[in-house]
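Trainee: Build me a model:
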Amino acid sequence: MAINLTSPVTGAPQNGLTSPTYTHVVDTAPQGTIGKQYAVTALGGTQTGVAAHSVANPFTTTFFKPGTLKVLGAINPSTGLLRAVPKNTYKCISRKGVLPLAGQPASLAMVETNIIVPAGSDTADPLSLKALLSLHIGALQQLSAQIGDTVLTAIL
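Mentor: Numbering: from 1, shown residues only. Now for the predicted structure:
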């Protein structure tokens, strides 16, 4: 199934935000042939001081697939082992303009998730890949507010 982010997105819990939602539109990704981008056009819930996407203050999420997919090579005939296991990298990058100081122009903050998949595992062990993603996304969702506090306090 292809990535198709539906609008609005319900935001994960964060201290200081009440029932956050993000209405978005499809945008052009920086690398259009290997990416899909969405720009936030409206905010829901209580998000005092947060702005939707603009040129000077971006608010986007972009999904990327590898430009060239890697596949498994030949098995070494003397050892019976793969010589190398190439990796395919998928990415999700979210960007938001934030103020470094009142009265100053926005500076870009980013969150990036890289999903690095050994070639061949998509067919040899697909459920383990899905379990990996389930855990990772579930942990981020569960710890969303705590991660938000850690980014502000540097207390882990």
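Trainee: From Met110, how far off is Arg95?
Mentor: 5 Å (C-beta to C-beta, to the nearest Å). Any C-beta I mention is one placed from the backbone N, CA and C, and that applies to glycine too.
Trainee: Looking only at neighbour counts, state which of these two leads.
Mentor: A count of neighbours by other C-beta atoms under 10 Å puts Arg95 above the other of Arg95 and Met110, at 18 against 10.
Trainee: Would you give the sheet partners of the strand or helix carrying that one, along with the direction of each?
Mentor: In the assignment (DSSP states H and E), Arg95 maps to strand 87-98. Here strand 87-98 is paired, per DSSP bridges, with strand 59-64 (antiparallel), strand 107-118 (antiparallel).
Trainee: next structured bit after the last one?
Mentor: Downstream of strand 107-118, the first helix or strand assigned by DSSP H and E is helix 121-124.
Trainee: would you say Ile137 is within a helix?
Mentor: Yes. Counting by DSSP: H, G, I helix; E, B strand; the rest coil, Ile137 is part of a helix.
Trainee: okay, now it: neighbour count?
Mentor: Ile137 has 12 neighbours, counted by other C-beta under 10 Å.
Trainee: Model confidence for it, exactly?
Mentor: Predicted confidence (pLDDT) for Ile137: 94.
Trainee: Would you mind writing the CA trace of stretch 62-71 as CSV?
Mentor: Provided in CSV are the C-alpha atoms of stretch 62-71 (Å, rounded to 0.1, in the frame of the first residue of the first chain):
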residue,chain,number,x,y,z
THR,A,62,8.0,14.4,3.6
PHE,A,63,8.4,10.7,2.9
PHE,A,64,11.2,9.3,0.8
LYS,A,65,12.0,5.9,-0.8
PRO,A,66,15.4,4.9,-2.1
GLY,A,67,16.3,6.4,-5.5
THR,A,68,17.6,3.0,-6.7
LEU,A,69,16.5,-0.1,-4.9
LYS,A,70,19.3,-2.5,-3.9
VAL,A,71,19.0,-6.3,-4.2
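Trainee: could we number from 171 for the rest of this?
Mentor: Yep, numbering from 171; the last one is stretch 232-241 now.
Trainee: So for it, what gets flagged as buried?
Mentor: For stretch 232-241, the neighbour count (16 or more other C-beta atoms under 10 Å) marks 232-235, 240 as buried.
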